[in-house]
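Engineer: Sequence plus predicted model, see below.
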Amino acid sequence: MKIPYYPGCTLHERARDFDMSAKESAKALGFELDEMPIWTCCGAVFPLVTDSVMDILAPVRNLSYASRMGDKVVTLCSFCYHVLKRANKVMREDPEKQEKANLFLRADTERRESIESFTGEDYTGQVDVLHYIEFLRDVVGYDEVKNRVKQNLGDLRVAPYYGCMLLRPAKELEFDDPEQPTIFEGLLEAMGCDVVDFPMKTECCGGFQIVNDEEIAISCSRTVVGSAVKRDADIIVTTCPLCQYNLDRKQEEMAERVQGFRKLPVVYFTQLLGVALGIDEKYLDFTDNYVDPRPVLAARCAVREG
Amino acid sequence: MFEPRIVCFFCKWCTYAGADLAGTSRKQYPPNGVVVRVNCSGRIDPQHVLWAFREGADAVLIGGCHPGDCHYQDGNYKTMRRISLLKRMLEDFGIEPERLRLEWISAAEGDKLVRVMDEFVDGIKKLGPLTLDERPLPKDRDFVPPHASGAKPGGSKSKKSGAKKTTRKKSAKAKR
Amino acid sequence: MRITLTGEAIKDELIRRVVELSGQNLGACYQCGRCSAGCPVVEDMDIVPSEVIRLLQLGQLEPVLRSQTIWICASCLQCASRCPKGVEFSSICDALRAIVLRQRLSEPKVDADEVTPAMVSDAPQMGVVGALRKLNG
Amino acid sequence: MESRIGVFVCHCGSNIAGVVDTKRVAEELSGYPGVVYSTDYTYMCSDPGQNLVKEAIKEHDLTGVIVAACSPTLHEATFRKAATNAGMNPYRVEIANIREQCSWVHQGEKDRATEKAIRVIRSMVEKAKLDESLDPISVPMTHRALVVGGGVAGIQAALDIANAGYEVILVEKSPSIGGHMAQLSETFPTLDCSQCILTPKMVEASQHPRIRLLTYSEIDEVSGYVGNFKVKIKKRTPYVNRDVCTGCGLCSEKCPSKTPSEFEEGLAMRKAIYTPFPQAVPNKPVLDAEHCLYFQKGKCGICQKICPVDAIDYEMKDEFVEEEVGAIVVATGYDLYPIANIGEYGGGEIPDVVDSLQFERLLSASGPTGGEVRRPSNGEVPKEVVFLTCVGSRDPEMHLPYCSKVCCMYLTKHAMLYKHNVHDGQAYLFYMDVRTAGKGYEEFYQRASEEDDVLYVRGKVSKIFEEDGKVYVWGVDTLTGKKVEIAADMVVLGLGMVPSAGARELANKLKIHTDAGGFLSEAHPKLRPVESLAPGFFLAGAAQGPKDIPEAVAQASGAASKVAALFAEQEYHREPVIAVIDEDTCAGCRVCVSVCPYDAAEFDDEKQIARIQEAICEGCGACIAACPSGSAQQRNLTDNQIYRMVTAALED
């Protein structure tokens, strides 16, 4: 089974480990992430002002490309998911913006009709945007994931971190309950982990403020990591490259600011999924993690180091 | 500008009370409709609707209780079935079925009544006036149902002539 | 401390513009403060979210446009998610930033010139793009 | 008979006249065929206004009257009575609604509103021309009332009706009457003990010679109409022969199976065979088969073996009883809004976050902690307790749009009682507005902050979570504009009120309306607050909307007095506006028999035609719309009248 896949810029740059581990895990689960032949940045943030047609053009173009490949597109990055899904909803429900955006698509088509990816059709929300984890739950099935698990993770205490962009606004994204989500827990349970519930799992990591005012993001992220530490987690899993960066990379600064700060590895859920599915570690690539998860993985689930 | 004339058949338990609530709450909607209050939407005979169109209505709105909420158990289900059949008949007559609308509006839904009225009036304005005269209706035959014959309003006795009626209606359209 | 309330200020055109751009009904806010209570970055704000809305209700746009708050919001949407009246402070914040940036009322918080290759290769691309779009316009 | 119609256009002060040109309306109508008199007046419903109608009836020998005024639900009865006094048959009076459905809704369009008013009145004139003189139908009435729900409202209604001299059947779903009030510790603003004031009423109800108590019972079916309802009541089997049971309690004592107690809101356990609380009425146990070892595993049987009077009967089955009643009082009460819906406050999964009824049990001297406030998690005395108002209430976006009315007061009481209990404790109360509209309520609130040091914090809490053995509360103080964090020992949620489970289904069975929140709708929000729009149904207590004890009791007494007034007549007079069948034209096709929801249309085998039974027909008109020959007609709303009304409404 091939499923159209939109990676987004970060997964081709900073978060290649996320991209690779997701692709390998997919293979081990019997499907293939079929990367769109052409795609652009989704714009990273969804515009909250009402007059924003220009700002949704990027996601709409990508959705239009995706519609050439099928009726679904899977993505991994929380920001991409958020932006694509909300832009899709605008295209389905706001006739005025739909018309305006399609003016641009039509112009694209005229200019670049030779490029296969342009459908030449108006985009009106034909594609369903799915998160990889939704795909696992609804198409592959958690039972199937469970059947394919090769590595016992039973002793690993895993804290699932949702962050903001997957959950909110719940009415638009319809991803999960914004206050007590369970989709992540379901997957981790299927993988055989000891799931740790922690109160900050839906709080913000500081997001893009890391670029503007680092201290804000560090403070936010410290709250999240600290909460998982208090619940005795061994590891945090996330689905967002920006969360991963803020929570993991900034632990150096957190440790500088707080005495006795206990570091905690933060990995992508696909990396841990890869471990559970017995995928060779070179495809999971833990080398880019600031807090190395390998010792705790080795200790808890006998993963080879290095 | 064309202002459609609308006859509203409202059941007294739900929609009529909802219309009263819209009033008590001072919600505003256009004054195009005149309400005929009936006990139950199930009282409404398709002939009442046809009569309204014949008598110059541009549209007919029927309001009843939500399914399951009928004061008389299931009158509104009967209405629902009758009206869907009637809509198909209207089409055969050359009357746009959109001119007949059935809505469930409860006594608590003053807001909904206003919304429906606004939408309906807008929609009918777009459709334009119903000009039955130009349609192939039997002009030599009196359309008056059995119970209305010999009992025309205003105290005037039966008008047997369709042609006379047409004249009246034409002048009516011209005035609008 | 004193402010003079006038109908004119309350009906201020630019405040109407905030309403229009954000799509939010300022009158819907009954000042429960839940947006402020749940905001993850509220500690760094000079005016908390509910107060921003209050000032706009009172026709006091100036202090809002000058505040740090609008640049500190991380658009995490927690405020909007929990508001009992469905008022999205995050959208009001976007609208306020849009007004400042479009009208060049102050310098952008994140300067594109300051974005270095090192930054781009270290931080995730989405963070840099996101910050530029939200805080530079 | 030639029609001589009088038209009376009401100004209703400026309510109508401010929009509709009433003068012009009266003038236009005076020229309308059949109208012999037309006038306008400031307030038609006033005495001089009514006299105007009466005099005109006599002077102009009117055959029909149209009062163009407010909705017929308000003053139709007034003018019909006035006409009767002037010697006119009341069913010749019609109301043209030009206020609710004209002047109030078309305020910006005076000319068109005036036009519409004329059409509306013309249409009613046409109706009146064909109106016949009718007499109300008298039907026998059962002078017995059914009260559904045995909380304080139901008890009060039952007592008042019984004391007025009529029989009452009081049906309660749970094993004991008493409702939520029996669970409360002390009551605001007087702080008298809830059970102490309720128990005497419970006993009185159970011992009243005219009250029959059916606990552990539910309404299964209701048919009939006011004065003549037939009610089928399901008596759930208690597996205990209550006639022989002495209430000694030995069975409960020895029962080995435990389950969380509903009465203690899950803070304590009860046995599978149990009386919910010591003062329960009736004070006899019921056996809950779902948690009984005998029923679940087929073994045990201890209660049966141990019962000294052999009252336990495992073979006992649910029973159905049919009763005839003339009026029904619905007092089904409230439940708390489900805590599970509020994920940001832990969704019910944090042990030290309790709801308001749980806290009542913790404060109650007869509760699981003997009246000592303790943390459910570890039994320690909480030193920092946070009380939250508006949990679920006033939240149109996610939960309940309305104010639950009593939470400000009961949380103030909670905080106060907590302070009386734990002197060195700190109570915080988060509020948006403190609503104290009741006698002695504001004083009570002031006392809480002045004398009992309750700290009121203005703001709504965003998140509650557990960490380090504490319950963290993230709130805000909007008065200083600061986020506040409290590491509390316990949090009490002032959850909103919703109609009790099953109330909506019951309302559907009874065919009485509910509002958007599922509360029972009153016939008029101001003038008929204790009646349902459906005749014969009366409302009492929180089933109609959030209310506190005094209000519930007052409404119950109001409902009871309405029942007593109904029962004061020997017969019930029904509206004669029902269906009739023209024997001469009826072809005997029986369509009317098949569509009648009440079996009022019956077939006369001898004459081979259909007939309507006057005492049963409700006047819905289903048979009339279905009758293929037009033989079925509605009195004073014949097809003929409808056609003429339509034409008059459309004509130029």
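Structural biologist: The structure has been received and is ready for your questions. The model shown is predicted, which means the values in this text are computed figures rather than measured ones.
Engineer: CA only for contacts and neighbour counts going forward, please
Structural biologist: OK.
Engineer: in chain B, which spans are strands?
Structural biologist: B:6-11, B:33-38, B:59-64, B:100-104 (DSSP state E).
Engineer: is the shortest one anywhere near chain D?
Structural biologist: This points to strand B:100-104. No: judged by C-alpha under 8 Å from any C-alpha of the partner chain, strand B:100-104 stays clear of chain D, getting no closer than 13.9 Å.
Engineer: D:Gly619 is nearest to which of the strands of chain B?
Structural biologist: Closest to D:Gly619 of those is strand B:33-38 (C-alpha to C-alpha; 9.9 Å).
Engineer: Kindly calculate the angle that the closest one makes with strand B:59-64.
Structural biologist: Orientation check (axes from the mean of the first three to the mean of the last three C-alpha atoms, to 10 degrees): strand B:33-38 against strand B:59-64 gives 40 degrees.
Engineer: Quick check: can you name the pairing partners of strand B:33-38 and their directions?
Structural biologist: strand B:6-11 (parallel) (DSSP bridges).
Engineer: I'd like the mean pLDDT over the partner strand, please.
Structural biologist: Mean pLDDT, strand B:6-11: 97.
Engineer: picking that back up, point out the most buried one among the strands of chain B.
Structural biologist: Comparing those by mean neighbour count (mean count of other C-alpha atoms under 10 Å in any protein chain shown), strand B:6-11 comes out on top with a mean of 28.
Engineer: for that strand, the distance to its chain's centre please.
Structural biologist: Centroid displacement of strand B:6-11 relative to its chain, using C-alpha atoms, centre = their mean, to the nearest Å, is 6 Å.
Engineer: thinking again about what came up before, can you list the strands of chain B in JSON lines and add distance to D:Ile339?
Structural biologist: Listed next are the strands of chain B as JSON lines, based on distance: least, C-alpha to C-alpha, whole Å:
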{"stretch": "strand B:6-11", "distance to D:Ile339": "39"}
{"stretch": "strand B:33-38", "distance to D:Ile339": "44"}
{"stretch": "strand B:59-64", "distance to D:Ile339": "36"}
{"stretch": "strand B:100-104", "distance to D:Ile339": "33"}
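Engineer: of all those strands, which lies closest to A:Val196?
Structural biologist: In terms of C-alpha to C-alpha, the element of those nearest to A:Val196 is strand B:100-104, at 49.0 Å.
Engineer: Now do that closest one: which elements does it pack against?
Structural biologist: On a contact count with 3 or more C-alpha pairs under 8 Å, 6 or more residues apart in numbering or on different chains; DSSP states H and E, strand B:100-104 meets strand B:59-64, helix B:75-93.
Engineer: Of those, flag the one that's most buried.
Structural biologist: It is strand B:59-64: most buried of those by mean count of other C-alpha under 10 Å, with a mean of 26.
Engineer: Name the strands paired with that strand and say parallel or antiparallel.
Structural biologist: With DSSP bridges as the test, strand B:59-64 pairs up with strand B:6-11 (parallel), strand B:100-104 (parallel).
Engineer: D:Ala507 contacts D:Thr514, correct?
Structural biologist: Yes: D:Ala507 is within contact range of D:Thr514, at 7.2 Å (criterion: C-alpha atoms under 8 Å).
Engineer: what about dumping the CA coordinates of the helix or strand hosting D:Ala77 to PDB?
Structural biologist: Following DSSP states H and E, one finds D:Ala77 within helix D:72-85. The C-alpha trace of helix D:72-85 is given here as PDB (Å, rounded to 0.1, in the frame of the first residue of the first chain):
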ATOM      1  CA  PRO D  72     -53.900  34.600  21.600                       C
ATOM      2  CA  THR D  73     -52.000  32.700  24.200                       C
ATOM      3  CA  LEU D  74     -52.200  35.800  26.400                       C
ATOM      4  CA  HIS D  75     -55.700  37.400  26.100                       C
ATOM      5  CA  GLU D  76     -57.900  35.100  24.100                       C
ATOM      6  CA  ALA D  77     -59.500  33.900  27.300                       C
ATOM      7  CA  THR D  78     -59.900  37.500  28.600                       C
ATOM      8  CA  PHE D  79     -61.900  38.600  25.600                       C
ATOM      9  CA  ARG D  80     -63.900  35.400  25.300                       C
ATOM     10  CA  LYS D  81     -65.000  36.000  28.800                       C
ATOM     11  CA  ALA D  82     -65.900  39.600  28.200                       C
ATOM     12  CA  ALA D  83     -67.900  38.500  25.100                       C
ATOM     13  CA  THR D  84     -69.700  35.900  27.200                       C
ATOM     14  CA  ASN D  85     -70.700  38.600  29.700                       C
END
